[in-house]
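Undergrad: what follows is a predicted protein model with its sequence.
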Amino acid sequence: MSPHVTRAEVCVVAVAECFRGDGELLANPIGTIPMIGGRLARATFEPDLAMTDGEAMLVANDRAAVPPDERVIEYWNPYRSMFDWVWSGRRHVMMGASQVDRYGNQNLAAIGDYDRPTVQLLGYRGAPGNTINDPTSYWVPDHGPRVFVEKVDTVTGIGWDRAAALGPAARFVDVRRVVSNLGVFDFETPDRRMRLRSVHPGVGVDDVRAATGFELVVPADVPASRLPTPEELRLIREVIDPEDAREREVPDPG
């Protein structure tokens with residue numbers, strides 16, 4: 001009998017797949033499952049990825065959460081160096097999104113009228129520079145209509161519609177994927193609207209539609225998100241995340 005694969009582990013693999021084909025780019029996954037997924041990609045099919053520790057170092061460790069005295073440091077990467085990566089487009093960043101809309105516009109700053117918000121959030125957090133220069137994906141651990149919205153209240157990271165309106169100034173915009181606890185989404189449609197790419201095992205298309213505040217592009221046949229291979233499962237559980245941090249971020253529904 002094959003071992004039970006949790007929803008969090010499916011999410012980790014979906015995040016790892018976002019970095020497939022990135023070669024020697026700097027993978028900059030922000031958050032628990034993005035960090036685990038980025039490490040998994042480098043430990044398996046993308047060994048040349050450069051990987052941050054989430055602060056100011058590039059590290060070689062496969063383990064996602066490493067004590068400072070155990071980090072294998074490849075490069076000191078302070079902000080002045082990070083900006084060189086950002087401006088040259090040699091980074092794929094995976095950020096969070098308090099709100100995201102059908103074209104991939106992201107909000108991390110405020111809910112409600114920006115002049116008098118009902119909720120103050122993190123702020124812009126580099127999102128304008130990220131989206132205008134680098135491949136960008138998003139991770140949403142709790143998929144619901146308050147996150148997947150018809151229109152974001154404040155635009156921190158620009159989406160495909162705003163990129164089109166900007167013209168040549170936004171020629172490097174590349175909003176690639178959104179991974180949530182329900183499925184995987186892309187923008188590979190003629191008008192760059194968000195498309196349901198796959199649903200995680202145990203999730204139905206109607207579940208995703210009900211949790212989304214706008215009309216998704218839904219193909220006639222939506223596959224299930226792929227499961228980790230036995231070797232990927234071993235790496236996730238024994239090497240990259242032996243503390244099971246992934247399960248605390250996305251508890252298993254079954």
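TA: Good, I have the coordinates.
Undergrad: ok, which stretches of the stretch 101-250 of the chain are helices?
TA: Taking DSSP state H, counting those that start in this stretch as the test, the helices found in the stretch 101-250 of the chain are 127-133, 160-166, 205-210, 230-234, 245-249.
Undergrad: could you list the buried residues of the third one?
TA: Of the residues in helix 205-210, those buried under the neighbour-count criterion (16 or more other C-beta atoms under 10 Å) are V208. Where C-beta positions appear, they are placed from N, C-alpha and C, glycine not excepted.
Undergrad: any chance you could list what contacts it?
TA: Residues from elsewhere that reach helix 205-210 (C-beta atoms under 8 Å, 6 or more residues apart in numbering): H143, L182, G183, L196, V199, L216, V218, V222.
Undergrad: repeat the analysis, applying 6 Å as the threshold.
TA: Outside helix 205-210, the residues that touch it by C-beta atoms under 6 Å, 6 or more residues apart in numbering are L182, G183, V222.
Undergrad: off-centre distance for that helix?
TA: Averaged C-alpha coordinates place helix 205-210 at 20 Å from its chain's average position (C-alpha atoms, centre = their mean, to the nearest Å).
Undergrad: contacts only, for the closest residue to R162 other than its chain neighbours.
TA: Distances taken as C-beta to C-beta, 6 or more residues apart in numbering put N105 closest to R162, at 6.4 Å, once the chain neighbours are dropped. N105 makes contact with V152, V155, G159, according to C-beta under 6 Å, 6+ apart.
Undergrad: try F187
TA: Counting by C-beta under 6 Å, 6+ apart, F187 touches G104, W160, V175, M194.
Undergrad: burial count for the third one?
TA: V175: 24 surrounding residues under other C-beta atoms under 10 Å.
Undergrad: what does T156 give?
TA: Around T156 there are 25 other residues, counting by other C-beta under 10 Å.
Undergrad: report the separation between the nearest residue to it once chain neighbours are set aside and G159.
TA: Spatial nearest neighbour of T156, chain neighbours left out: A127 (4.0 Å); criterion: C-beta to C-beta, 6+ apart. Computed as C-beta to C-beta, to the nearest Å, the A127 to G159 distance reads 11 Å.
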